[in-house]
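**Student:** Give me coordinates for this.
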Amino acid sequence: MENAPLSRRTSREHSVLPPRVLLLPVGSFEQHGPHLPLSTDTIIAETVCADAAAICEVDVAPTFAFSASGEHDGFAGLLSIGTDVTAAALTELVRSARASWRGVVIVSGHGGNTTALARVAEVARHEGDRLAYWVPRADDGDAHAGETETSVILTIDNSLVREDEVPADDQLPNGWRAIIQREGLRAVTASGVLGSPQRATLARGADLRRRWCAEVVSLVEALWETA
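**Tutor:** Residues are numbered from 1 along each chain as shown. Below you'll find the predicted structure:
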């Protein structure tokens with residue numbers, strides 16, 4: 001069972017393996033428009049970890065599936081633990097990983113965790129832990145539940161995209177990012193979407209997955225180099 005997934009090993013089986021980098025997938029549970037599941041960010045984080053683990057020798061931790069999603073308040077189905085709790089919990093996980101892994105890469109499918117992740121990284125630097133974190137970026141993409149995320153979900157399981165529910169683009173007001181920070185997404189979009197999900201394609205999703213996987217693999221390699 002030494003080659004079993006991390007969650008299927010015993011402590012003894014894990015103890016005799018060479019130390020590896022740990023990937024920690026972090027998701028969220030929040031609306032992603034009328035066409036994508038509440039667990040979209042979790043699915044993406046798990047997929048990016050699996051893609052990276054197919055390329056480099058890492059361990060993948062069980063998913064941390066709830067995080068800081070308060071900006072989605074007012075949409076049905078939200079389960080959020082806030083920035084402070086997210087940062088505190090991830091900090092403790094990084095601390096507890098010291099003895100068993102060479103370093104940790106937090107793979108967050110939710111961009112709204114950036115503030116929490118920066119706090120975790122600051123503590124890790126102060127305490128001497130090897131830590132990197134990743135959030136999905138697409139310079140040519142959109143912000144939430146649009147072309148970017150819809151395309152990636154199409155590559156994972158196209159049955160998760162409710163194609164008859166894909167909304168038309170909302171007309172976002174000027175300064176919408178600042179409005180979201182003050183009042184949440186509900187103040188700028190009735191559908192909960194920030195982008196153009198109608199433009200989503202399998203090809204686009206496959207390209208994003210390749211890019212995102214390569215980014216995570218690069219973070220893993222950088223932790224090995226600094227070990």
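**Student:** show me the contacts for the residue nearest the centre of the chain.
**Tutor:** With distances taken as Cα atoms, centre = their mean, Gly109 lies nearest the centre of the chain, 1.5 Å away. Gly109 is in contact with 25-28, 40-46, 48, 135-136, counting by Cβ atoms under 8 Å, 6 or more residues apart in numbering. Placement of C-beta: from N, CA and C, glycine included.
**Student:** what does His14 give?
**Tutor:** Contacts of His14 (Cβ under 8 Å, 6+ apart): Leu6, Ser100.
**Student:** element containing it?
**Tutor:** Assigned by DSSP states H and E, His14 belongs to helix 11-15.
**Student:** buried ones in that helix?
**Tutor:** His14 (16 or more other Cβ atoms under 10 Å).
**Student:** now that helix, how far from the centre of its chain.
**Tutor:** 28 Å (Cα atoms, centre = their mean, to the nearest Å).
**Student:** pLDDT on the following helix or strand past that helix, on average?
**Tutor:** For helix 11-15, the following helix or strand on the C-terminal side (DSSP H and E) is strand 21-26. Regarding strand 21-26, the rounded mean pLDDT is 98.
**Student:** Which strands or helices does strand 21-26 pack on?
**Tutor:** If you count contacts as 3 or more Cβ pairs under 8 Å, 6 or more residues apart in numbering; DSSP states H and E, strand 21-26 packs onto helix 40-53, strand 58-60, helix 82-96, strand 103-108, helix 202-226.
**Student:** how does it look with 6 Å?
**Tutor:** In terms of contacts (3 or more Cβ pairs under 6 Å, 6 or more residues apart in numbering; DSSP states H and E), strand 21-26 is packed against helix 40-53, strand 58-60, strand 103-108.
**Student:** Quick one: mean pLDDT for the helix holding His14?
**Tutor:** The pLDDT scores in helix 11-15 average 94.
**Student:** How much space separates the closest residue in space to Asp73 that isn't next to it in sequence from Leu194?
**Tutor:** Spatially, and ignoring its direct neighbours in sequence, Asp73 is nearest to Gly184 (5.4 Å; Cβ to Cβ, 6 or more residues apart in numbering). Relative to Leu194, Gly184 is positioned 12 Å away (Cβ to Cβ, to the nearest Å).
**Student:** More neighbours: which of these two?
**Tutor:** Leu194 (20 against 16; other Cβ atoms under 10 Å).
**Student:** okay, the more buried one: pLDDT?
**Tutor:** Looking at Leu194, its pLDDT reads 95.
**Student:** ditto for the one 4 residues further on
**Tutor:** Gln198 carries a pLDDT score of 96 in this model.
**Student:** again, but for Glu57
**Tutor:** Reported pLDDT for Glu57: 93.
**Student:** can you pull the contacts of the residue lying closest to it once chain neighbours are set aside?
**Tutor:** Once flanking residues are discounted, Glu57 sits nearest to Arg20: 5.9 Å by Cβ to Cβ, 6+ apart. Applying Cβ atoms under 6 Å, 6 or more residues apart in numbering, we find Arg20 in contact with Glu57, Val58, Asp59.
**Student:** Output the contacts of Gly109 as JSON lines; include the columns neighbour count.
**Tutor:** Conversion of the contacts of Gly109 to JSON lines gives the following (neighbours: other Cβ atoms under 10 Å):
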{"residue": "Pro25", "neighbour count": "25"}
{"residue": "Val26", "neighbour count": "31"}
{"residue": "Gly27", "neighbour count": "25"}
{"residue": "Ser28", "neighbour count": "30"}
{"residue": "Thr40", "neighbour count": "28"}
{"residue": "Asp41", "neighbour count": "30"}
{"residue": "Thr42", "neighbour count": "23"}
{"residue": "Ile43", "neighbour count": "22"}
{"residue": "Ile44", "neighbour count": "26"}
{"residue": "Ala45", "neighbour count": "30"}
{"residue": "Glu46", "neighbour count": "22"}
{"residue": "Val48", "neighbour count": "24"}
{"residue": "Val135", "neighbour count": "19"}
{"residue": "Pro136", "neighbour count": "21"}
